[in-house]
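> Output the structure for:
(2 chains)
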Number of protein chains: 2
Amino acid sequence: MYGRYTQELGVYAREEAARIREDGRHRSPPLKLLEYEKGRCVRCRICAVHCQRFLMSRVGEDWIFLILLGLVMALVSFVMDFCIALLLQAQKWMSGGLDSNVILQYLAWVTYPVVLISFSAGFTHIVAPQAAGSGIPEMKTILRGVVLKEYLTLKTFVAKVVGLTCALGSGLPLGKEGPFVHIASLCAALLCKFMSFFGGIYENESRNTEMLAAACAVGVGCCFAAPIGGVLFSIEVTSTFFAVRNYWRGFFAATFSAFIFRVLAVWNRDEETITALFKTRFRLDFPFDLQELPAFAVIGIASGFGGALFVYLNRLIVQFMRKQKTINKFLMKKRLLYPALVTLLISTLSFPPGFGQFMAGQLTQKETLVSFFDNRTWTKQGMTEDFNYDSHSAAWKHPQANVFVILVIFIVMKFWMSALATTLPVPCGAFMPVFVIGAAFGRLVGESMAAWFPEGINTDGIIYPIVPGGYAVVGAAALSGAVTHTVSTAVIVFELTGQISHILPIMIAVILANAVAQSLQPSIYDSIIRIKKLPYLPELGWGHHEKYNIRVEDIMVRDVRYITLNSTYRDLHEILLIGNLKTVALVESAESMILLGSIERAQLQALLTQHLSRERRLEFIRDRADAERKRVSVVSTPSSEEGGQKVNHEVRFQISTEESSFTPARPISPKPLKPALKRTSTAEKNIEIPTSPHDSGIGLKNLLCARPQTDAMEEDPDAEDDMTLGEIEEWEEQQLDEQVNFNSCKIDPAPFQLVERTSLHKTHTIFSLLGLDHAYVTSIGRLIGVVSLRELRKAIEGSMTVKGVKVRPPLASFRDSGTSGTSSESEATELHKLWDRHTSISIPREHQPNTSDSDEKSQ
Amino acid sequence: MYGRYTQELGVYAREEAARIREDGRHRSPPLKLLEYEKGRCVRCRICAVHCQRFLMSRVGEDWIFLILLGLVMALVSFVMDFCIALLLQAQKWMSGGLDSNVILQYLAWVTYPVVLISFSAGFTHIVAPQAAGSGIPEMKTILRGVVLKEYLTLKTFVAKVVGLTCALGSGLPLGKEGPFVHIASLCAALLCKFMSFFGGIYENESRNTEMLAAACAVGVGCCFAAPIGGVLFSIEVTSTFFAVRNYWRGFFAATFSAFIFRVLAVWNRDEETITALFKTRFRLDFPFDLQELPAFAVIGIASGFGGALFVYLNRLIVQFMRKQKTINKFLMKKRLLYPALVTLLISTLSFPPGFGQFMAGQLTQKETLVSFFDNRTWTKQGMTEDFNYDSHSAAWKHPQANVFVILVIFIVMKFWMSALATTLPVPCGAFMPVFVIGAAFGRLVGESMAAWFPEGINTDGIIYPIVPGGYAVVGAAALSGAVTHTVSTAVIVFELTGQISHILPIMIAVILANAVAQSLQPSIYDSIIRIKKLPYLPELGWGHHEKYNIRVEDIMVRDVRYITLNSTYRDLHEILLIGNLKTVALVESAESMILLGSIERAQLQALLTQHLSRERRLEFIRDRADAERKRVSVVSTPSSEEGGQKVNHEVRFQISTEESSFTPARPISPKPLKPALKRTSTAEKNIEIPTSPHDSGIGLKNLLCARPQTDAMEEDPDAEDDMTLGEIEEWEEQQLDEQVNFNSCKIDPAPFQLVERTSLHKTHTIFSLLGLDHAYVTSIGRLIGVVSLRELRKAIEGSMTVKGVKVRPPLASFRDSGTSGTSSESEATELHKLWDRHTSISIPREHQPNTSDSDEKSQ
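I've put the predicted structure just below:
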C-alpha cells in the first residue's frame, strides 16, 4: 500500500532538480558566442538555436502533449481495429472455404480462436502479466494516488496491445474499451517519460496525474469515436473527486483523438465522411410515443437486475476457480489450459452449423450490433422479403425457430459466455459484450412491443409504427450502465449511433438500471478491485446517512507508534523492528504527546544505518588513535562531540552535492532523497526476517548486514578497521544509547490531522480528495490515534454489508447513552490536562507501547 | 467572508440535536398503547401510524427530494414559459393592431417593455435586491462553501420568478438560464427547510450542499429540456472539484425535470410527443464534408475573440457606470431610470418599421433561433419562393438590403444590446442572447460558404449542398461556450436541436473558442464575481507552470495574531480590538509557538464578556459581602478561587441544558452554540467603532455597553448591584489581568495546516477542495504564518495578470540564488532550535506583535 502521501517528501527534491535543470538548459545554448563566430552557417545555426528554444518552450505546454497523445492513440486504435477486422475475416474465410466438410470446418472454426487466445494469454504472461484484464480498476487505483509502477511500463504497453489484438481477433465476446483506457494511460505515461527529455515539467507528479486522467478519456473516446461520452465515462469509472480544471484536457484530447480516428477511416475509403460508428436512421419527427415509456422503464429495471447478476456471476466464476484447490493447482501448472478450454467451449457452442445457428454465431460483435440497431421491424414486415438484401439480419431468421426464441437463446448464452470470457487472463474488457447483450434484450422487448401493437400505439389517427431498433439502443445503454454503474453510457450511445432523439427513454432506463444495480452489487470495476485486493477506498454508497454518526474516534487505532525528540537510537531500532508502518509520528515527548511531524520509515533506517556506519566507526577509531597520540603529547581534548559535528557536516555536504548533481543527470525513475537511502534498500528487506520482535540483537545484525559490501566502495585509505567483532558490538551498543540527532533527517512537518469527532463521511471525503494513506488524530495538538486506509475501508464495508449493525465500539454507545454534556465536558478536561501540564504540574502518562488491542482501551 | 470552515463547530451540535430529535420521533407514536384501546377505529389508527412511520422513513431519501425538486422546477419553468409567451404575444398584438399609425405603434412597442422592465427592476429592488442578475456567480460562491444566507430565501425566490417573467416578457435580449440555476437552488433550499419538518437529515450541511449542486443541474436541465447538458454545464460553471458520487443526483433530478417539462408541453397539445426544443432536420447520411472543417474552426476562433469581447464590454459598461460619479449619483436616486432608459434605447432601435427592419426586430429570440437553425439555404435557393410559407425566415428578407448585410447588422446591434441589457438590475442571464448571436454569426459564415460553393464542396460526384443551419448550430455552441468558458454548451446544443450529427465540428469549434477566450478574459461569471467582489478563489488558468515555483512562504502573512495558554484577559481584549480576523490561533507559549488549535473570534468575545459579566460581578459582590460577614464571625476563607470554580460549573451546566433543550424545538436557522454567543452579537458590532487600537479603555466600554440591557432580564433577586462606576472599572481592570480560563470555550483542535514549502498550486487545490477560508503555516509544530483566501487570491491574480513578473518576495529570490543546501540547512536549524528548546536551554524569542510589514521580516 504505497500511498501518494508517502511520496510527498520526494516531490520537493525532484521539483527543485527539474527547475534547476530547466534554468540550466535555457542558458545552455551559448548564443552570444555563436554570433561572434564567422562562417556561412552561423545564421542558420542561430536560427536553429532560436527554433529549438522556441520548440522547447512550446513542447512543455499541455496541448502539445494532448495532441500527441490523441494522435498516437487514434493511430493505435485504427491499426488495431484494422488488424482485428483482418483476423476475424480470416476466420470467416477459413470456415467458409471448408464448408464441404463440417468436421474440417469445425476444426478450423475452433482451432483458430484457441490458438489466438492461447498466444494472447502466453504472450501477456511472459511479457507483462499485469497487462491481463481490463485495466480500469488499476487506473482507478492509480488515479486515487496509489503508485502501481509496473502497470505503466513499455512492456505492459506492448503486451496489452498485442494481447488485445489477438484476443479480440479470436471472436470471443470480449471488448476493447477497458483495455483501451489502460493503453491510453500507458501511452500518456510513456509520452511523459519521452517528453521529459525536453522539458522539466513532465517530472511533476500532480501534472502526470492530470495527464493520466485525460488519457483515460482519450482511451474511451478513440475506442468508440465518442469524445463527450469518453470524458464522462472515464470520470465516472476512474475518479472520486474530479477537478473541473482538468475537464478541458479530456475534451481536447478525446475530441482530437476521435477526429483523427474517424478521419483515418475516411482516408482509408471506409467511409464517405465523418459519421457515427453505428449510425442509426430512426425517424426524427416522432421518435417514440409517450405511452411507450413504461416499456423503456421495464427495460431499465430489468437491465439493472441483469447487470447486478452479471457482476455477481463474474465474481462467482473467479472465486470458484480460486477455491477449488485441485483445479487451481492444475491450472497454475498449465497456465494456458484454462484459456484454451474456455475458448474451446465458447467456440464450439457458437459454431454456426451447430448450435450457433440458434444464436447467430456467424456474426461478429459489430455485425450483431448493426443488425440490432436496424430501424426495420423483424416480426411484422415479413422476415423473408426484406432480409434478402441484408446479410446481417438474415442471421436472426431461422426456418425452425421463432425470432424471439433465437433472441432469448442469444441473450442467455452470451450472458454466461461473456461473464466467463472476461475472467480469462488476456487483455479484455466487459463493456462491449454487455453492450451487445443489452441491445439484444432491448431488441427482444422492442420486437415484442411491435408484435403486440402492430399498428403502433394510437395517437390522433396518424400511424407511427414501433421502432424495435430504438429499444435496442435503450437496452444497450441500460445494461452497460448497470454493469459499470455509470450514467454516461447514455452519451456514449448517442455518439455511437449519431442520434439523440431517444434521449429521454435512454436517460430514464439508464437511471433506473443504475438505481437497481447499485443497490444490489458493486460495479464490475469495484468488484475486480475487491477480487484483486487493490488498495482502494470503497464508495460510501447511496444511503449513507449512518455515516454521519460514526466518528473517527470509533475507528482509529489508538496505539500509535511514535518517537520523541529525545528518543535514543535504540528506540528507533525497536520502532523499526515492530510493525510495518510507512511513517512514524514524531512527538515532542511521551508526556506531552504534541505531534510535531512524521518521518518516513526509510529515513529512520537511514539515520540508524548512518549512525552505525563504517565511516563513523573509522572516525571513532581515528579519533581514538588521535586521542592516544595526544595523550602521549601534552594536550588532551574530548573529541567525541567534535566527531559528531564532523559527521553532520559531511552528511549535509552529501545532501547538497546530491541535489546539485541532479543537474546533468536525467532521473527517469524517482530517486531517493539521500545516498543513505539507497544503501538501506537491502537492509529493508532483511528486516522482515526476525520473528521475535524483542530479539533486538539479531535484528540489529540483520539490519546492518549490508554494511560490508556497500562500505567496501568507500575510499578511506588513511584509517584501518582494526576493531574486533566484540569491539564493534560494544561500540554499536554504546552508540545505540545516544540520543537521535534528527538534523540530517527529512521530517514531514505537517502530516494530515483529523479531530476525534470528525465523521466517517467527512473522513472519507478528505481521504479521497487528498488521496491520503493515513491521517493522525489529534486533540489540541496531542496525538491520540491514527487512521489509515485499512481502518476506513473496514469501517465502510462493515457498515455497508451489515446495514443494521453499525461499527460502534463501546465508546460510541457510551457517547449515545451518556449525558448530553459529555462531549464538551471531556473536551474541557482534555484541555484542562494540557493546561495543568503547562502550569508545570506534569502528570506522568502511562506509556503502553505494546498493547495490541486498541478497542479495549478507553480514554 | 464567512467560510464554511468557521461553521464546522456548529455542525456537531446540530447533528447531535437532529439525531436526538429523530430518535425521539421514532419512539413518539405510542403504538402499544393504541393496541390496548378499544373501538372501531383502532385498526385504522394503527394503520395510519404505520403508514406515517413508513412515509417518514422514506421522505428522508434523496430520490424523493430530487423528484419533488424536479417536479416543482418543471412546473415553474413551464408556467413561466407560458406567461412569457403570453406577454410577448400581447406586445405583438398591440403593435400589430396599431399598424395604421406608426407613432402610436411606436409608442405601444416602446412603452410596453419599458413598463415591464421598470416593474421588474422595482419589484426586485423592493422585495429582494439580491435577486437581480444571473445568480450563477452567487451559486458558485455558495457551493464553494461561503455562506450567503440572503441569497436563498423565499423572498428572493418570489422576486426572481416574478422579475424574470416580466424581464423576459419585455422582449429585451435576456436569457432565463442563469436565473433558473438560481431559482432551482432557491427551490432546493426552501424544499430542504420544508422537508426538515419531516426528517432530521435535512439539517445536515454537507447534504444541503450536495442538493444545491443537483439543483443547479435541474435549473439548466428544465430550462432547455437538456438533462445531460444541464448537469455538465452546472458542473462547469459552479464547481471547482466535483464529487462523482453526486453525479447521479444531478442526472436523476435533471432528467425527471426535463421529462415533466416536456410532458407538460405534450399534455398542453403544443407538441405531439417528446422531442427537442429547437428540433433541426439536417440530413443524417452526410452531415458535413471534411473540407468544411476549416470553416468550422474559423467560427470557433472568431467566437473565442467575440466571447472575450463580450465579457470585456459587459464589464466596461458596469465600470463606466460606477466611475462616472455624476451619472452614478443620479442613478442611485432614480433607480428605475437606468433600466427604463436602456429599454427605451433598445426597443427604439429594434422597432420593426424603423431600424428594426434591418435586424429582424419583430422576431422573438425563439423565432430567431428557429429561423437560424433552418436547414434550407437563404442565399441560393431563391429568397422569395421558399419564404412565403415560413414567416420567421421572411424577416431576413429585405427588399433593399442583402441578407449578409442584415445578418451583420443583427450581430453587431445585438452584441452591444445584449452586453448592455445584462447589466440591468433585473433577474436576467446572458446565455441565451449570446447563444442567438453565435447562431447568427454561424449562419452568416454558413450562408457565405453556401454562396461560395453553390454546388457543395466536391466529393466523388455526388452533390451535397452546404447546410448553413449546421453552421448556425456550431456558432451558437462556440460563442456561448466562449462567454461562459464551458465545453458542455456542445451537449446543450445537441439536446436542444435533437441532432448530434455535427458533433465533431461543434466540439472543435467549442474547444477552439474556449482556448481563445480563456486566454483573453475570465468567464462572464468570474467577471461578475470580480465586479461584485464576492469571496471567491480564482482559477489557476491554463498555463500554470509557474505556480509550481511559488511557495506558501512567499505569500503567507508572517505576523499572526495568537493567544497563548497563559494569556490574560487583557491580551484577549487587545487581540479582539486589533484586526478583523475570524479566528485566532492558540499556541502553547510565545516561546515555543506550538500550534494547539484555533478559536473563533466570537468564542473569545463570549469568554471576555462572560468573565466581565454582571453575574460574576454580582457574585463578587456577594462573596465580598459573605467575606465581610465571615470576618465578623470566626472563620475566614479566601473565596475567589471557589467563585471561579462555581462559575465554571455554571457554564458547563448551561451548555448541557442548551443541548438537551434542542430536543423539542426545531431549529430552522442554525443556532449559536452557547447562550453567551447570542449576547455578544451586539457587542460584536460595537467593536468596530474604536479607531485607535491602543485606546483599550474606550474599546472595553464599547465592548461591554450591551451589558445593561441583556442582563436586565436575568433574575438574581438576592444580590444588589451597589458598585459605583469607578469600582466597576477597578474590578474590571483587576479581572482583565487574570489568566484566561479556556475551559468553557470551543476550540477547533485541528485547524488546517500547511508547510512553508507547499507550492501555490497545491495550496490552491487544497483550498478549493476543502473550501478553506484560511490555513496556518507550521514548521514542525511551530506556527510561523497564516494564509487566507485574500493572500491566495492576490498571489494568483498577481501572477496571472503580469505573466512575466512573478510574485516573488526577497525570500524567494534568495532561495533561487542561494546555495543548493540552503533549504535542508534551514530546516535543520529550525529543528535544532526546537531541540535546543526541548533540552531546556530556552532561548527567549523576540516577540513582535505589531510589526505590520511581513515581507521585511526574514527567517
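
> who are the neighbours in contact with residue A:453?
residue A:466 (Cβ atoms under 8 Å, 6 or more residues apart in numbering or on different chains). For glycine as for every other residue, the C-beta is placed from the backbone atoms N, C-alpha and C.

> same check, this time on residue A:240
Contacts for residue A:240 were tallied using Cβ under 8 Å, 6+ apart; they are A:144, A:537, A:539, A:768-769, B:243-245.

> give me that answer again for 10 Å
Residue A:240 is in contact with A:140, A:143-144, A:536-537, A:539-540, A:764-765, A:767-769, A:771, B:243-245, counting by Cβ atoms under 10 Å, 6 or more residues apart in numbering or on different chains.

> which phi and psi does the residue in the stretch 101-250 of chain A that chain B sits nearest to have?
Going by Cβ to the nearest Cβ, chain B is nearest to residue A:242 of the stretch 101-250 of chain A, at 4.6 Å. Per-residue torsions, residue A:242: phi -110, psi 130 (degrees, to the nearest 10).

> Which residues in stretch A:345-361 does the neighbour count mark as buried?
A:346-347, A:350-352, A:356-361 (16 or more other Cβ atoms under 10 Å in any protein chain shown).

> Now find how far off-centre it is within its chain.
With Cα atoms, centre = their mean, to the nearest Å as the basis, stretch A:345-361 stands 37 Å off its chain's centre.

> Angles on the backbone of the single nearest residue of the stretch 301-450 of chain A relative to chain B, please.
The nearest approach of the stretch 301-450 of chain A to chain B comes at residue A:375, 11.3 Å away (Cβ to the nearest Cβ). Here is the backbone geometry of residue A:375 (degrees, to the nearest 10): phi -90, psi 10.

> And it, how far from residue A:454?
16 Å (Cβ to Cβ, to the nearest Å).

> about what we covered before: for the residue of the stretch 101-250 of chain A closest to chain B, give me its contacts.
Counted by Cβ under 10 Å, 6+ apart, residue A:242 has contacts A:143, A:213, A:234-236, A:250, B:235, B:239, B:241-244, B:247.

> cutoff 8 Å now
Shown in contact with residue A:242 (Cβ under 8 Å, 6+ apart): A:213, A:235, B:241-244.

> could you list every residue that touches whichever residue of the stretch 251-400 of chain A sits closest to chain B?
Closest contact between the stretch 251-400 of chain A and chain B, by Cβ to the nearest Cβ, is at residue A:255 (4.3 Å). By Cβ under 8 Å, 6+ apart, residue A:255 lies in contact with A:70, A:221, A:227, B:504, B:507-508, B:511.

> OK, contacts around residue A:105?
Residue A:105 touches A:95, A:98-99, A:353, counting by Cβ under 8 Å, 6+ apart.

> in which helix or strand would I find it?
helix A:102-127 (DSSP states H and E).

> those strands in the stretch 451-600 of chain A, which residues are they?
Taking DSSP state E, counting those that start in this stretch as the test, the strands found in the stretch 451-600 of chain A are A:562-564, A:583-587, A:595-600.

> of all the ones you listed, which lies closest to residue A:51?
With distances scored as Cβ to Cβ, the stretch of the strands of the stretch 451-600 of chain A nearest to residue A:51 is strand A:595-600 (44.3 Å).

> My read is that residue A:457 contacts residue A:292, right?
Yes: using Cβ atoms under 8 Å, residue A:457 makes contact with residue A:292 at a distance of 6.4 Å.

> list residues touching both of the two?
When contacts are counted by Cβ under 8 Å, 6+ apart, residue A:457 and residue A:292 have residue A:466 as shared neighbours.

> Neighbour count: these two, which is higher?
Shown here are residue A:457 and residue A:292; by other Cβ atoms under 10 Å in any protein chain shown, residue A:292 has more neighbours (23 against 17).

> ok, which residues in the stretch 201-350 of chain A are in contact with chain B?
The interface of the stretch 201-350 of chain A toward chain B, taken as Cβ under 8 Å from any Cβ of the partner chain, is made up of A:201, A:204, A:206, A:227-228, A:232, A:235-236, A:239-245, A:247-248, A:251-252, A:255, A:258-259, A:262-263, A:266, A:272-276, A:279, A:281, A:284-290.

> Can you flag the buried ones in those?
Here, 16+ other Cβ under 10 Å leaves A:201, A:204, A:206, A:227-228, A:232, A:235-236, A:239-245, A:247-248, A:251-252, A:255, A:258-259, A:262-263, A:266, A:272-276, A:279, A:281, A:284, A:286-290 buried among those.

> so what's residue A:440 up against?
Per Cβ under 8 Å, 6+ apart, neighbours of residue A:440: A:368, A:372, A:407, A:410-411, A:414, A:472, A:475.

> same thing but at 10 Å, please
Counting by Cβ under 10 Å, 6+ apart, residue A:440 has contacts A:359-360, A:368-369, A:371-372, A:396, A:406-408, A:410-412, A:414-415, A:472, A:475-476, A:479.

> That one belongs to a helix?
Yes: according to DSSP: H, G, I helix; E, B strand; the rest coil, residue A:440 belongs to a helix.

> What separation do you get for it and residue A:413?
Counting by Cβ to Cβ, the gap from residue A:440 to residue A:413 is 10 Å.

> helix/strand/coil for the nearest residue to residue A:752 once chain neighbours are set aside?
Spatially, and ignoring its direct neighbours in sequence, residue A:752 is nearest to residue A:775 (4.3 Å; Cβ to Cβ, 6 or more residues apart in numbering or on different chains). Classification of residue A:775 by three-state DSSP places it in strand.

> Would you mind confirming that residue A:775 is in contact with residue A:766?
Yes: between residue A:775 and residue A:766 a contact is recorded at 7.5 Å, counting by Cβ atoms under 10 Å.

> Comparing those two, which shows the higher neighbour count?
residue A:775 (25 against 16).

> partner residues bridging the more buried one?
Taking DSSP bridges as the rule, residue A:775 bridges to residue A:787.

> What about the contacts of residue A:242, which are in strands?
B:241-243 (DSSP state E).

> what bits of the stretch 651-800 of chain A have low per-residue confidence?
A:651-722, A:749-750, A:780, A:797-800 (pLDDT under 70).
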